[in-house]
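Asker: Got a predicted structure plus its sequence, pasted below:
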Amino acid sequence: MYDQIGICFEEVAEDFTPLVTGMLKRLRIYKNRDEFRQVGFIDLQCSYLGCAFLLFKGYKLA
């Protein structure tokens, strides 16, 4: 999807699934787990798109 990054979001989401799941366990979230997981992936996608947008605009990330 984003040639500048070279990684599609599906790959990023797959890589970060254990992190999102681990945070839910660490925060002891047991009710509405699917809802909180969805929020975690939405936030991950916003971060991913922000990074892609900066690269698209020509900014270099440190």
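Answerer: Nice, I can see it.

Asker: contacts, neighbours, all on C-alpha from now
Answerer: Fine.

Asker: tell me which element the residue nearest the centre of the chain falls in.
Answerer: Centroid-nearest residue in the chain: L44, 2.2 Å away (criterion: Cα atoms, centre = their mean). Here L44, judged by DSSP states H and E, is contained in helix 33-56.

Asker: Need the per-residue pLDDT for the nearest residue to Y48 once chain neighbours are set aside.
Answerer: With sequence-adjacent residues excluded and distances taken as Cα to Cα, 6 or more residues apart in numbering, Y48 is closest to F9, at 7.3 Å. Confidence at F9, expressed as pLDDT, is 83.

Asker: And for the nearest residue to the residue nearest to the centre of the chain once chain neighbours are set aside, the neighbour number?
Answerer: Distances taken as Cα to Cα, 6+ apart place A13 nearest to L44, at 7.6 Å, with adjacent residues excluded. A total of 17 residues lie near A13 under the criterion other Cα atoms under 10 Å.

Asker: where does this structure dip in pLDDT?
Answerer: Scanning the chain with the threshold set as pLDDT under 70 gives 1-5, 51-62.

Asker: rerun at 90
Answerer: 1-13, 29-30, 36, 38-62 (pLDDT under 90).

Asker: burial of the residue nearest to Y48, as a residue count?
Answerer: If we define neighbours as other Cα under 10 Å, then F9 has 15 of them.

Asker: any idea which element the closest residue to F36 other than its chain neighbours lies in?
Answerer: Leaving aside its chain neighbours, F36 sits nearest to L24 (7.7 Å; criterion: Cα to Cα, 6+ apart). Assigned by DSSP H and E, L24 belongs to helix 9-26.

Asker: quick one, that helix and helix 33-56 angle?
Answerer: In terms of direction (axes from the mean of the first three to the mean of the last three Cα atoms, to 10 degrees), helix 9-26 departs from helix 33-56 by 140 degrees.

Asker: which parts of helix 9-26 are buried?
Answerer: Within helix 9-26, the residues that qualify as buried are A13, V20, L24, counting by 16 or more other Cα atoms under 10 Å.

Asker: coming back round to it: what's the residue nearest to F36 in contact with, if anything?
Answerer: Going by Cα atoms under 8 Å, 6 or more residues apart in numbering, L24 touches Y30, R33, F36, R37.
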